[in-house]
Every structure is written in structure tokens, then in C-alpha cells.
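> What follows is a protein structure lacking sequence information:
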């Protein structure tokens, strides 16, 4: 993205060049020049100006000239360059300096050789920059234009930077009285600077980014072009993407891209380049999709030669559903030729999503039929980092239809790219529904059994993202998708490693996590709850779904037979921790059915759960402070796998047939070991529930050596209450936590007091003394007094700032001053 006269690498884009005296004299890519004869320097004593002007006369031509062939201009005018450079001196008359700068600017349009002749004089760049401050508007514009031409040559950019050109240009741009011509030339000069990666940081560090982004809204199209070019170059440095997005560049670029006027061709080109670079980051890509654009891979025009339009038949919606026929056929057969006559308008009222899908499909299929859907040179303007993976940006209606069209082609690599793009674009419910209406679900399901592994991986990824929507899940069910996913899982020829790459378990998890398949359990699904709270699930099911719920549960039991359960159990035993977590989650959802629980018992799921719990005990030891060198990612993945397995165990303990199959003593020992370990509190929630369930069953746990209740209090309840004190923003939750801690500590068990101190409860309790009153203050003082009975806690209580607070309570004789005084006396102060 390089302005006109630049001798730059092929990866940079060129902006139109600007002539010396008129903004309408422009050329593209710095190769065509239209030189005009300079106006007469009529002032007496200015014959020197006419010398160089007349030298240009021989170079004038009606159609313009190549920069590299401007030999006559250079040879006839070079003898006078030094004269006009000297006229720029501060000791010359202002009018002489104005004529000199205008003449030199015109001469610099002759190409790099002419610019070299100007720059051979030391200090000339400083004189040119000084004229940016001239009171003459014409001189300022000429100086800015000459500076733009000089910085188009890479060799002289550093010289201009060292002479303070960038700072002076920034100063000019911030003035409210700047002319459109001056604004354009200054921005084009910054455009030149932005081609150098080492100079981009100066643009970002000069507080000029926001003004440059504002110039995208300028009325002058050439100013828009220059500002868009600067931003396009800045996006080449990924470290600056955050600053650009914070400056609000995405909505402005999207608006420019949606402008259809012919004058905006260069602006649209730069906007596409910028948005493509920003879309490399998943978060910024989601913002672009939210603005109504979709990133589409360029697969080559040859790939579309395999496209075959549908034969003449009764029309249907893109998702495959047919349009109902009218019951009144035409007497002369017109309804067979003009199919629209047979449509019953009352019965066929497509919603907006179906209408948009039909419009997009019609547009893209027409372009494919005429061979104009993708040009061979399209995407060549993108940077080198994208040459092997070209994309373009389309409005969402066309983008969705284009991606669905591509996955219907024969090119395997094109299908994989399009499927990945569908997954990346499925960032909200609107896009997921749009892909469903466009007919993406059925082919993606078919690709799960494709012979090419990248296609299977890409289609599974797309289905994983789409299946977050309950509407898409219903569509998957209608296309027999659940059966297909189950067959993929239980296929013995599919290695476990391949199941992990083809994210089948993510699809199953999303599909099974909706109330549509879980309502009979009578309990809320935690994962589904989180998704709804984040707005990822459109929520709710239709009344028809409720009527068919029992029937679908029976069908689900037949789909997930013993073979599927057995394979899932094997995967849970042999796979990596990340896949174990997904597999255990799927089994957890299936365990709501007694038939599935019986199958899990027969598949020896209990022994597999034991092995995962043993891994959890080891993980709890690794996660301790004495083992900080262990990879944190592995610890997190193991923790997630253990948590999912604990949830599975919790549900299976509801069934007697499973309880009778487990080694209760070993399970309890493993759970208690994990309870005492350093695994996250979220996992300890499920450990506690499992232990409580096991202890509640007669004969399963030896109560004489149990002590489970105390361990739960020490290693789970107290740490959870302390965390609630430290992290909760709700004062009511903090109040309940303090009162509960006081109730536990008042039992007189010394281990409970040590647990509060070990969990870090002293500092939040002191803070509660400062913030609370009434029963909360009394409970906080009581807990701290019990803690003060152990001398080892005195330094922490004093360091938390308790002494000044206690003294203040005593001095003002508040209702609890006697408790504060007792605590003060217990401390060594």
C-alpha cells in the first residue's frame, strides 16, 4: 500500500499521484505523468523562474509520459535545479521562495532521477520543511506536494524523518485552517512513511491515530484514500491492531466498503485490505462479522467450473424445504413453466432469513454460471502473509451464500477452507441461523464421513460452532445428524487421535446440552446455563418439541446403544486430558437415562473413572506451589478432565446398579485425597457431592473411621467461604460468608480455625471490620478473636491493619467495643 511515486516492493499498494498545480492531474502506480507548462512568472526580475519553466516545455505531451523515460525533462532542467534550490533560502524574498518551491515540485514529477538531482544539495529538505509554515497557501501546498514526492523514494525517507518532516506534517494536519490540497498532500506523505515498518510506531506514538481515523469521514475522496491507505499499512503490523480497533476503525472501514460509488474504488480496496489483516485475530474477526461482513476464501475461478446449476424443477428454499404448491393447476400448463404461479401466497410466507438466503443464493449462482464469481487476479493486492491463503470480504448475505456454494464444489481444499470460514463466521445467533437457512447443515454433516481428513476436521469445526444454536440442533436432528455423529464415534476404524482432531465430541456436547434432550432430568445443566448467560444460546424450545420430548428420548436411547457407550468409555480411558474432558461430558449427559447408566455399568465405566481420579490425585500434587515448573496448560487440562469425570460420577451414583459395581473404599479414598489436594474449588464442589452421596447410603462407608464431614468443612467449605469474601462484589454474599464462618469457628474445632488462616481469610475479615456494622461486625470480630488464640496468626492480623480499626471502635464506644477490646488485648500491642 504505497503512494504513487514510490519505488516499493510488490506487496505495497499505490495511491494516485498528485500534480504540482492542479488536483486533477493524477496518475496511477507512479508511471504516467501529465506535465503542464508552468504559469508565466510574470513578476519582473524573475527570469530565472522562466528558465526552468521553459525547460519543461519540451517535455509536455498530450497523453503523458513514463517516469523512467523523462530524460528530456531531466537533461533540460537539471542545470537550473541548483538555482531554484538556492532560491528556497530564508534570505530570499517570500515570492521568490514561492516560485522556487512550485517549480521544484513540478520538476520532481519527472521521476526519481529528478528527485535525486534536487536532493543532492545538502539542507534542501530542511528548507522545504520550513515552507510548510509559510503564510502563502500556495507555497505550503507546493512544499507539502514536493515533500510527498521526495518521500516516495525510500532512500530519502530517513532524511526527511531526521529533518523533522513528520512532526511538522502532524502539526499542519491538526490545524483547523488547513486546505483540502494541503491535507491531502500531508496525508499522502504519512502514507509514504507508513510503508516503513520502523516508522509506523512514530505514527502510533504521536497521538495522530484518532485524527487519521476521523479523516475517513472527510468530504474529499482523495483525503479518504490517503487515510485509508495509512490505516491499511498500519494493519500490516499486528501489534498495532488493538490501537486501531480502539480508535473505532472497523465501523468506519465497513461503511466505506459498503459505498458503491465508482470514485470509492481505491478506498474500498484499502478497506478490504485493512479488514482482512484485522480479521486474522479471532476477536477482531468477530467484530467485523457483527458489522455485517463475512470473510470468504478465494479458491480460484477453476474451482467453480464444477458448479452445476439445479435442473428445472419445483423451487425450494436453500435449506432444502420445499415451497407448497397451489391446489389449482393451470388449464394450459402455465404453472409447469412459470413455477411461481403455483405458489400459494397464504401458505408460503417466508420469513426474512429465508428471503435473504434466496437472494444470496440467486446472486452467487448467477455469478458462478457466467464465470464472474471470482476473477483470476482477485486477492493479489493482499500482503505476502496471505498469498497462500487468500480471502476477500463480502456482505453477509452474499458471503453466507458464497460459502455454502463453495462447500458444494468438488475441490477438496476449497471445501475445507469454506467449512473453516463457516465456523469462524458463526459468532452469533443471526449468523448461525443464516447458515442454517442457506443450507449449510446437510452437506457439513455428510462431510463428517468424507475420505479427506482436513475436510472432516473443518466440517466438524463448523458444526461445533453452528450447534451452539438450538435451532441448528433441531435441524441437525432432522437431517439424522445425531445418528451420523454416533456412528462416527463407534466406528472401530477411526483412531482415537483422529476423533480428537475431528471435534465430534464438541458437536455431541452442544447437541446434547440443550433442554430439548435434558428436560427429564429435573436439574439444570451447568454448562448450558453458562452459555445462556453469555447470550450464545437463543434459548427455549417450541411447544412441538415438548410434545415430542418423550419420543425423542426413546430415539436417543436407541441411537446411543452399548457400542457407542463402550467406545466412549474406551476413549475416556486412552485419550489425552483434553479429549477426556469432552468424552466425560458427553457421557454425563447420557447418564441421565437409566438405560444408558446400565450400559455404562456393563462397559466397566467405574474402573475407568477410578483411573481418571488417580490422575486427579497426581494432578492435585503437581498443582502445588512446590511444583511451579510443571506446564500450566497440562495442569489445567487434567483439572478439566477430572472435573468432568466427577460430574459423571455424581450422576451415576443416582443408580443402584452402578453403585453396586464400584469399589467404594477405593473411590472414597481417592475422593478424600483429591479433597485435600490443590485442585480447583470448582472440582471440589463435585467431590463433596460425591462423598455426601456415598456417605448417605447405608453400608457403603465405614462411619467409625469416616471423618468425611470434617474434611469437607476444612478443605472445601471454609476455602469456598474465604474466596467468596475476597472476590464477591455483593455485600450480601460477603455478609452470609462471614456469618457462616463464625458459625463454623464457634464450634471450637481448632482445625477449622487453622483452615481459615491457611485459606487467607485474615485480610478479608479485617476489611469487613472496616466496611460493616451490626451482626456482620460482631461475626468478623468473633472469628478474628478465635484466630488470635493462635500466636502464629498475630503477625498477619497486625499486618492487615486491624489494630487502628479496633482502637477506633473502642474510642467511639460502638455497640461492639467490648469485643474489639478483647481482641486488642489478645494481640501483642
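Cool, the structure landed. Just so it is clear, the model here is predicted, and its values are computed rather than measured.

> Over to residue 177: give its phi and psi.
Per-residue torsions, residue 177: phi -90, psi 10 (degrees, to the nearest 10).

> Find me the pLDDT at it, would you?
pLDDT for residue 177: 84.

> Also residue 16?
Note for residue 16: predicted pLDDT of 41.

> got it, and the one 10 residues further on?
At residue 26 the predicted local confidence, pLDDT, stands at 35.

> And the one helix or strand residue 694 maps to, what does it pack against?
Element membership for residue 694 (DSSP states H and E) is helix 681-696. Here helix 681-696 touches helix 632-652, helix 664-675, helix 708-712, helix 718-727, going by 3 or more C-beta pairs under 8 Å, 6 or more residues apart in numbering; DSSP states H and E. Where you see a C-beta, it was placed from the backbone N, CA and C, and this is true even at glycine.

> Run a quick neighbour tally on residue 816.
The burial count assigned to residue 816 is 19, neighbours taken as other C-beta atoms under 10 Å.

> from memory it sits against residue 809, does it?
Yes. Contact criterion C-beta atoms under 8 Å: residue 816 and residue 809 qualify, at 6.7 Å.

> which ones are touching the closest residue to residue 404 other than its chain neighbours?
Distance criterion C-beta to C-beta, 6 or more residues apart in numbering; nearest residue to residue 404, sequence neighbours excluded, is residue 438 at 4.5 Å. Contacts of residue 438 were listed using C-beta atoms under 8 Å, 6 or more residues apart in numbering, and they are 318-319, 357, 360-361, 400-401, 404.

> Centre of the chain to the helix or strand hosting residue 657, how far?
Using DSSP H and E, residue 657 maps to helix 656-659. Distance of helix 656-659 from its chain centroid, counting by C-alpha atoms, centre = their mean, to the nearest Å, is 45 Å.

> picking that back up, out of the helices and strands packed on helix 681-696, which one sits most buried?
helix 632-652 (a mean of 21; mean count of other C-beta atoms under 10 Å).

> avg pLDDT for it?
pLDDT averaged over helix 632-652 gives 85.

> swap in stretch 607-618?
Averaging pLDDT along stretch 607-618 gives 88.

> and what of stretch 127-140?
Model confidence over stretch 127-140, given as mean pLDDT, is 89.

> which of the residues in that stretch are buried?
In terms of neighbour count (16 or more other C-beta atoms under 10 Å), stretch 127-140 has its buried residues at 127-132, 134, 136, 139-140.

> Flag the shaky bits of the stretch 451-600 of the chain, pLDDT-wise.
498, 500-557 (pLDDT under 70).

> how close does the closest residue to residue 252 other than its chain neighbours sit to residue 240?
Using C-beta to C-beta, 6+ apart and skipping residues adjacent in sequence, the residue nearest residue 252 is residue 216, 4.5 Å away. Separation of residue 216 from residue 240 (C-beta to C-beta, to the nearest Å): 16 Å.

> Mind checking which of the two has more residues around it?
Comparing residue 216 with residue 240 by neighbour count (other C-beta under 10 Å), the higher total belongs to residue 216, at 22 against 18.

> Residue 256 is in contact with that one, correct?
Yes. Using C-beta under 8 Å, residue 216 is in contact with residue 256, at 6.4 Å.

> Done for today, thanks.
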